[in-house]
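>>> Have a look at this fold, sequence not included:
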């Protein structure tokens with residue numbers, strides 16, 4: 001689904017949230033209704049559940065932004081839209097016939113969601129589980145539809161708050177589109193501050209206390225897991241922030257059972273454990289997880305946990321414990337390679353791209369580079385270049401190392417289509433202080449490895465975390481089959497090359 005214009009043919013749009021809607025669902029529903037109102041459509045928001053919205057932050061949000069939504073009680077006959085030929089039932093932040101969405105009959109149904117697909121697709125579907133919030137997807141569709149956010153501060157504020165609440169106060173953002181929306185939406189900061197400070201009730205505070213008591217700790221790995229009663233994602237984040245302050249814990253997971261599965265909040269305070277990577281590992285195969293290095297979150301479907309034959313606590317405990325045995329640690333500069341275990345390779349003459357940071361921004365500019373792999377922060381200088389690999393991976397490189405390893409080619413930089421990843425995302429280059437973005441594509445020049453760049457490499461037998469020469473605070477993560485590599489002229493300079501990239505760019509000597 002590229003935009004919302006395909007729905008302009010309908011005269012009436014009924015926007016349905018999941019039962020007991022949260023801020024993300026309400027923000028998504030409100031925003032699409034504002035788009036359709038501009039096109040003179042008849043629109044309304046509806047939802048089911050146990051009772052009308054009562055949570056203090058949600059009622060404040062609805063009152064201040066003018067969000068009108070109709071509650072559908074369980075004991076009332078639900079509306080039937082099958083006879084209304086020009087009516088669309090549009091479900092946001094949920095899926096048609098899912099366990100947490102009240103079943104309504106309609107001839108035309110559309111779904112906009114960011115959860116793992118759990119029901120058969122409908123006529124119009126756009127489901128992107130890699131996004132942190134449905135609000136991000138709605139923002140993208142509205143932007144592509146030509147919606148003018150500068151004239152609709154209420155919509156911008158709603159979407160921002162939807163992302164804020166669904167990503168643990170923005171601490172669990174993982175995809176660059178989530179970050180793009182966060183950075184580009186102007187919002188009512190006064191209202192957002194009020195909403196942030198009316199999240200907890202006394203009941204929530206007592207719930208957090210219970211969650212801290214119900215715990216399991218592993219002192220060998222300095223980790224802890226905590227069980228909470230069903231609650232808002234922000235409460236999970238609040239509990240995990242408190243738990244991580246315990247002197248014997250370096251990482252923790254807090255979870256609660258919600259409709260359809262388990263919601264988790266992950267925290268870490270050591271560089272060997274990136275919270276987003278741990279969250280992804282806990283959710284792998286049955287949901288999605290991600291976030292930042294210190295804060296992350298995720299969701300695992302109930303069906304996936306049930307198939308294991310374990311309780312939610314035992315399932316997460318087993319995965320958490322296994323996580324610490326699944327990887328080796330390597331530190332560049334301290335690593336002493338036994339070259340008898342490695343084979344020698346030479347870099348193939350495949351054109352890749354590079355850009356000089358001073359071509360993009362003046363000397364001394366603090367730059368943010370946003371990619372699918374995450375954000376990098378560098379300072380523009382004559383000594384700092386940006387490399388663009390064959391799979392569009394982006395990483396900084398010092399001028400001296402570039403000139404020693406590569407030579408510039410004449411002509412334009414061309415992306416070879418066979419190398420493009422499935423989820424292509426053009427990197428965003430931004431001036432961090434002024435917030436000005438530049439399209440890196442117009443600055444990229446082609447280059448190729450000069451001479452014979454030789455390396456030593458061996459396949460990883462298990463997952464590994466490598467702390468490279470250029471980034472001692474974070475790690476490169478490799479899986480079994482990826483290559484642990486080091487420069488032939490400096491065996492202590494180690495790094496990881498993804499398996500498919502390695503086979504395309506290196507030849508065995």
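Sure, I can see it. Only a predicted model underlies this, so the values are computations on that prediction, with no experimental measurement involved. Numbers count the residues shown, from 1 in each chain.

>>> Residue 217: which element?
Assessed by DSSP states H and E, residue 217 sits inside strand 215-218.

>>> after that strand comes which helix or strand?
Strand 215-218 is succeeded, C-terminally, by strand 223-228 (DSSP H and E).

>>> hang on, the earlier thing: which other helices and strands contact the strand holding residue 217?
strand 223-228, helix 312-323 (3 or more CB pairs under 8 Å, 6 or more residues apart in numbering; DSSP states H and E). In short, each C-beta sits where N, CA and C put it, glycine included.

>>> got the residue ranges for the strands in the stretch 401-509 of the chain?
406-408, 428-431, 437-439, 445-449, 454-459, 463-468, 471-478, 483-487, 490-497, 506-508 (DSSP state E, counting those that start in this stretch).

>>> quick one: strands adjacent to the third one?
Spelled out, that is strand 437-439. Within its sheet, strand 437-439 is paired with strand 428-431 (antiparallel), according to DSSP bridges.

>>> which other residues reach the partner strand?
176, 180, 183, 360-361, 365-370, 386, 436-440 (CB atoms under 8 Å, 6 or more residues apart in numbering).

>>> among those residues, which ones are buried?
176, 180, 360-361, 365, 367-370, 386, 438, 440 (16 or more other CB atoms under 10 Å).

>>> still on that earlier bit, let me know which of the helices and strands packed on strand 215-218 is tucked in deepest.
Of all the helices and strands packed on strand 215-218, strand 223-228 carries the top mean neighbour count, a mean of 23, counting by mean count of other CB atoms under 10 Å.

>>> Wait, a strand at residue 277?
No: counting by DSSP: H, G, I helix; E, B strand; the rest coil, residue 277 is located in no strand; its state is helix.

>>> Residue ranges in the protein under the pLDDT threshold?
For the chain, applying pLDDT under 70 flags the ranges 234, 291-292, 372-374, 416-426, 470-473.

>>> Quick check: can you list the domain ranges of it?
Domains of the chain are assigned by automatic domain parsing as 5-196, 202-325, 339-508.

>>> one step back: and the strands of the stretch 401-509 of the chain as TSV, adding distance to residue 338?
Shown next, in TSV, are the strands of the stretch 401-509 of the chain (distance: least, CB to CB, whole Å):
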stretch	distance to residue 338
strand 406-408	29
strand 428-431	40
strand 437-439	45
strand 445-449	26
strand 454-459	10
strand 463-468	15
strand 471-478	18
strand 483-487	11
strand 490-497	10
strand 506-508	19
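
>>> closest to residue 29 out of those strands?
Nearest of the strands of the stretch 401-509 of the chain to residue 29, taken as CB to CB: strand 428-431 at 28.3 Å.

>>> what comes up buried for the closest one?
Buried, per 16+ other CB under 10 Å, within strand 428-431: 428-431.

>>> And stretch 84-102, by the same measure?
84, 87-96, 98-102.

>>> now it, how far from the centre of its chain.
From the chain centre to the centre of stretch 84-102 is a distance of 25 Å (CA atoms, centre = their mean, to the nearest Å).

>>> ok so, going back, partners of the strand holding residue 217 in the sheet?
strand 223-228 (antiparallel).

>>> got a list of contacts for the strand it pairs with?
By CB under 8 Å, 6+ apart, the list of residues contacting strand 223-228 reads 207-208, 210-212, 214-218, 235-236, 239-240, 243, 246, 249-256, 312-313, 316-317, 320, 324.

>>> Now the buried members of those.
Among those, those scoring as buried are 207-208, 211-212, 216-217, 235-236, 239-240, 243, 249-256, 312-313, 316-317, 320, 324 (criterion: 16+ other CB under 10 Å).

>>> Provide the backbone phi and psi angles at residue 11.
Backbone torsions of residue 11, given as degrees, to the nearest 10, read phi -80, psi -30.

>>> For it, grab the count of nearby residues.
By other CB atoms under 10 Å, 13 other residues sit near residue 11.

>>> I figured it hits residue 41, correct?
Yes: Residue 11 lies in contact with residue 41 (CB atoms under 8 Å); the separation is 6.5 Å.

>>> State the three-state secondary structure for the residue nearest in space to the middle of the chain.
Nearest to the mean C-alpha position of the chain, counting by CA atoms, centre = their mean, stands residue 174 at 2.4 Å. Look at residue 174: counting by three-state DSSP, its state is coil.

>>> can you check residue 231 too?
On the basis of three-state DSSP, residue 231 is classed as coil.

>>> give the contact list for the closest residue to residue 168 other than its chain neighbours.
Leaving out its chain neighbours, the residue that sits closest to residue 168 by CB to CB, 6 or more residues apart in numbering is residue 237, at 3.9 Å. Neighbour list for residue 237: 168-169, 171-172, 265, 295, 297 [criterion: CB under 8 Å, 6+ apart].
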